[in-house]
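> Pasted the sequence and its predicted model underneath.
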Amino acid sequence: MARITLVQGDITAQEVDAVVNAANSSLLGGGGVDGAIHRRGGPEILAACEDLRRSHYGKGLPTGRAVATTAGRLPAGHVIHTVGPVYQVSGSDPWLLASCYRESLRVADELGARTVAFPAISTGAYGWPMEDAARIAVEAVLGAETNVEEVRFVLYDESAYQAFAEQIGLSEAE
Ligand code: AR6
């Protein structure tokens, strides 16, 4: 079982074997984490995503799935792109959000990655409430069978950090 660590900061700065991108199905970029990863990682990542669209993912990457590319100029070894579900007040499927974490860890295992950094998938543009997303994320990671040794959640702000800290039983931010 992977050890969970928490960091408040920018996912593009993480020196890990793989960083996970909160992408969209097009794999062709966007705002938030996705925008930051492509900006800092450079055009090699987009070129790899375009190749994926031409080959295995002609219709795009389905929600809840994950796929790896180069990390370009990022300090990480690889980028694992996953597509979170859009939150809907009328009812959203937590299974799909959990699937993003499980599938990303499965891809990380295929890559031989031992350290993987995740953002809080779906909690920005896709609108999933942070506390609920944190619970789903931590449960999914703790329930995953993986060879990954460290899962690092990289939270952008203090309230996101606190939401994850509560889920893993830390009372105070360090
Ligand atoms: N490092 C860590 N966390 C960040 C960073 C960063 N550099 N930037 C934002 N966050 P989002 P989503 C936090 O919107 O909700 C894109 O346009 C942010 O505060 O990046 O899954 C894609 O192309 C929030 O808590 O991802 C898709 O179209 C969390 O990361 C769509 O947004 C996720 O926010 C995906 O939306």
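Yep, it's here. Numbering: from 1, shown residues only.
> Helix or strand: which one has Asn21?
For Asn21, the host element (DSSP states H and E) is strand 18-23.
> Equivalent analysis for Ala140, please.
helix 130-143.
> helix or strand right after that helix?
Downstream of helix 130-143, the next assigned helix or strand under DSSP H and E is strand 150-155.
> Could I get the buried residue list for that following strand?
Buried residues in strand 150-155, counted by 16 or more other Cβ atoms under 10 Å: Val151, Arg152, Phe153, Val154, Leu155. For the C-beta atoms, the positions are set from N, CA and C on the backbone; glycine is no exception.
> Against Gly29, how distant is the first one?
Taking Cβ to Cβ, to the nearest Å as the measure, Val151 and Gly29 are separated by 25 Å.
> Let me see the contact set for Ile121.
By Cβ atoms under 8 Å, 6 or more residues apart in numbering, the contact list for Ile121 reads Val20, Ala22, Thr82, Gly84, Leu97, Cys100, Tyr101, Trp128, Ala133, Ala137.
> Repeat the analysis, applying 7 Å as the threshold.
By Cβ atoms under 7 Å, 6 or more residues apart in numbering, the contact list for Ile121 reads Ala22, Thr82, Gly84, Leu97, Cys100.
> measure the second one to Glu158 for me?
Spelled out, it's Thr82. 25 Å.
> Following the lengthiest helix in the chain in sequence, what is the next regular element?
When the chain is parsed with DSSP state H, its longest helix is helix 94-111. Toward the C-terminus, helix 94-111 is succeeded by strand 115-118 as the next helix or strand (DSSP H and E).
> Could you pick out the residues of the chain near the ligand for me?
10-12, 22-24, 30-34, 36, 84, 119-126, 154, 156, 160 (Cβ under 6 Å from any ligand atom).
> Select only the buried ones of those in ChimeraX?
For anyone working in ChimeraX, the buried entries among those, judged by 16+ other Cβ under 10 Å, can be selected with:
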select :11,12,22,23,24,30,32,33,34,36,84,119,120,121,122,123,124,126,154,156,160
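> from the residues of the chain next to the ligand, which ones fall inside helices?
Gly32, Val33, Asp34, Ala36, Ala160.
> Put together CSV for those, with pLDDT and distance to Gly77 on each row.
Shown next, in CSV, are these (pLDDT from 0 to 100; distance: Cβ to Cβ, whole Å):
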residue, pLDDT, distance to Gly77
Gly32, 98, 22
Val33, 98, 17
Asp34, 98, 19
Ala36, 98, 18
Ala160, 98, 25
